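how would this look folded up:
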Amino acid sequence: MKRAIILALGLLASACGRTAGAPAPASAAHTLHSEQDVVTQSVLPLAELLEAEGFTLDPNIDRGFLAPASRVTREVTIAPHTCLAMAAVATPSIADLDAGLYAADGSVLAEDDASDARPVVRICTGQQPVTAYLALFAFQGTGSYAIARLTRPAKPSDEMLGSDEAVGSAPFLELVRGLRRRGYHDDGPTTDLPLVAGSALRIANKVAAGQCYTVVADGEQLRVRLLDEDGRELALGIGEQGPAAFQYCASRSAELTLEVSGQGAARAAHLLRLRASQTAVGGARAVWLGEPSVGGAESAPEASKHDSCAGTEQPIAAEARLTQGKVLELPLPAASSKCELIEATLHEGLSRVTLRVESAQGVVLGEREILRGSSGLYVCDAGQARRISALGRAGFGALTLVRHACAY
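The predicted model follows:
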């Protein structure tokens, strides 16, 4: 924060040093009605990229402050036949800022939860105006933020929320739009499937080597699975409050089986299959939705310390449900040893999780990105009560957490 204040004062001093009659060049859309500050100036280049797509910037930049793991909400009203883009930027002290647009019933309209502090969410309306709620979440760090709002008239090619041409719930449509933007193409038409309670519908599903596939099912409490020739599960997607979806990248061509079932009173599913080449979306290690995979460096001591962690395994959470964008927070009681290893296992369908341990005062003791399978986070100061949090970054599935005491 001190750095931001110093930079802001520097900008003001520079502005005062200009000679009269030589104002700084600025477009009318970018005129600010208050003192310039660093975070506000940082959001303007991001807004300019959207202006190049035909959006018009609202000159009123919304600003505020976020404490660690805190959230702010803003109500927005979108006129009929209008596309809205909300772009946010945070100070460098916030390393990870997530944004989402939600309907009044809590359903997701649009999300950007990439591992950065520059989220952008978009939505287009149909014949009716839409009232939505923009939520910003500081997953990592503390500092200031700025939000730019931009709009443009909807085009006939836009998939409008609530239009007759765009069939499916708002979260389903936004998920499909995101996949298409990342290089996926429809692998056949959208299909409406009848479901029978307590029974799974199975469909033959061919896959080709070198291709990545995504299956998205829209409905109520759906489950989608991909099975190999022997009936073993290759991928799983569970939709509790939104679409059920999974991604699978094929290393060989095969005749697989797609299974769709309803967990509640669901009697139908709206199903779409999409595909893309592995080279286009990052290959078999790509994060769900085709975002390039990046390995997370451990902020705790080096991994070689893990050899000393042979203490008795103690459970923390057994197959806790976790979906993309959701946070699981649990108390972590003091351990008998000074250091311990927290081991996380991502079950089928969940492909990326950020694991963090904090002290009671909010000090981060350790953090790690878990990419599929199992991995551990080594932390010390285990003799005090702490808390552990897991943020679902990609996929839908379950997470198991256990702890091992370490000798050093």
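
going forward, measure contacts and count neighbours with C-alpha atoms only.
Noted.

Domains in this protein, by residue range?
If the domains of the chain are taken from automatic domain parsing, they occupy 25-153, 179-290, 303-406, with pieces of a single domain joined by a plus sign.

Out of these, which gets nearest to Ser169?
Taking C-alpha to C-alpha as the measure, the domains of the chain were each checked against Ser169, and domain 179-290 came out nearest at 7.1 Å.

re the thing from before, just put the domains of the chain in TSV and tack on mean pLDDT, mean neighbour count and distance to Ala170.
Rendered in TSV, the data for those read as follows (pLDDT from 0 to 100; neighbours: other C-alpha atoms under 10 Å; distance: least, C-alpha to C-alpha, whole Å):
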stretch	mean pLDDT	mean neighbour count	distance to Ala170
domain 25-153	80	18	5
domain 179-290	80	19	9
domain 303-406	79	19	16
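
Make TSV from these and add distance to Gly168 to it.
Supplementary listing: the domains of the chain in TSV, determined by distance: least, C-alpha to C-alpha, whole Å:
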stretch	distance to Gly168
domain 25-153	12
domain 179-290	7
domain 303-406	19
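
These: which one's closest to Phe172?
Where the domains of the chain are weighed against each other on C-alpha to C-alpha, the nearest is domain 179-290, at 5.8 Å.

Can you give the contact residues for the helix or strand where Phe139 lies?
For Phe139, the element it lies in under DSSP states H and E is strand 130-141. Defining contact as C-alpha atoms under 8 Å, 6 or more residues apart in numbering, one finds that strand 130-141 is touched by 66-80, 93-104.

ok, the residue lying closest to Thr345 once chain neighbours are set aside to Thr354 distance?
In space, not counting the residues next to it along the chain, Thr345 is nearest to Ser374; the distance is 4.3 Å by C-alpha to C-alpha, 6 or more residues apart in numbering. Ser374 sits 13 Å away from Thr354 when distances are taken as C-alpha to C-alpha, to the nearest Å.

from memory Gln263 sits against Gly219, does it?
No - with the criterion set as C-alpha atoms under 8 Å, Gln263 and Gly219 do not qualify as a contacting pair; they are 10.4 Å apart.

so what does the longest strand seen in the chain touch, helix or strand wise?
Across the chain, the strand with the greatest residue count (assigned by DSSP state E) is strand 386-406. Secondary structure elements in contact with strand 386-406, counted by 3 or more C-alpha pairs under 8 Å, 6 or more residues apart in numbering; DSSP states H and E, are strand 233-238, strand 244-249, strand 314-323, strand 327-332, strand 339-346, strand 350-359.

Strand partners (parallel or antiparallel) of the fourth one?
By that I understand strand 327-332. Based on DSSP bridges, the strands next to strand 327-332 in the sheet, each with its direction, are strand 386-406 (antiparallel).

Now find how far off-centre the partner strand is within its chain.
Average the C-alpha atoms of strand 386-406, do the same for its chain, and the two points are 16 Å apart (C-alpha atoms, centre = their mean, to the nearest Å).

again with stretch 174-190
The chain centre lies 17 Å from the centre of stretch 174-190; the measure is C-alpha atoms, centre = their mean.

For that stretch, which outside residues touch it?
In this structure, residues lying in contact with stretch 174-190 by C-alpha under 8 Å, 6+ apart are 109-110, 216, 270-276, 280-281, 289-291.

which among those gets closest to Pro315?
Checking the contacts of stretch 174-190 one by one against Pro315 (C-alpha to C-alpha), the nearest turns out to be Leu289, at 30.9 Å.

Dump the longest strand of the chain to PDB, restricted to CA.
Taking only C-alpha atoms (Å, rounded to 0.1, in the frame of the first residue of the first chain), the coordinates of strand 386-406 have been written out as PDB:
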ATOM      1  CA  ARG A 386      -4.400 -23.000  12.100                       C
ATOM      2  CA  ARG A 387      -6.900 -23.300   9.200                       C
ATOM      3  CA  ILE A 388      -6.600 -25.000   5.900                       C
ATOM      4  CA  SER A 389      -8.400 -23.900   2.700                       C
ATOM      5  CA  ALA A 390      -8.800 -25.500  -0.700                       C
ATOM      6  CA  LEU A 391     -10.000 -23.600  -3.800                       C
ATOM      7  CA  GLY A 392     -11.400 -25.600  -6.700                       C
ATOM      8  CA  ARG A 393      -9.600 -24.200  -9.700                       C
ATOM      9  CA  ALA A 394     -10.700 -26.700 -12.400                       C
ATOM     10  CA  GLY A 395     -13.200 -29.500 -12.700                       C
ATOM     11  CA  PHE A 396     -15.900 -31.100 -10.500                       C
ATOM     12  CA  GLY A 397     -15.100 -33.900  -8.100                       C
ATOM     13  CA  ALA A 398     -13.900 -34.700  -4.600                       C
ATOM     14  CA  LEU A 399     -10.900 -34.000  -2.400                       C
ATOM     15  CA  THR A 400      -9.300 -36.000   0.400                       C
ATOM     16  CA  LEU A 401      -7.000 -34.400   2.900                       C
ATOM     17  CA  VAL A 402      -4.800 -36.200   5.400                       C
ATOM     18  CA  ARG A 403      -1.900 -35.100   7.700                       C
ATOM     19  CA  HIS A 404       1.400 -36.800   8.700                       C
ATOM     20  CA  ALA A 405       3.700 -35.700  11.500                       C
ATOM     21  CA  CYS A 406       7.300 -34.900  10.500                       C
END
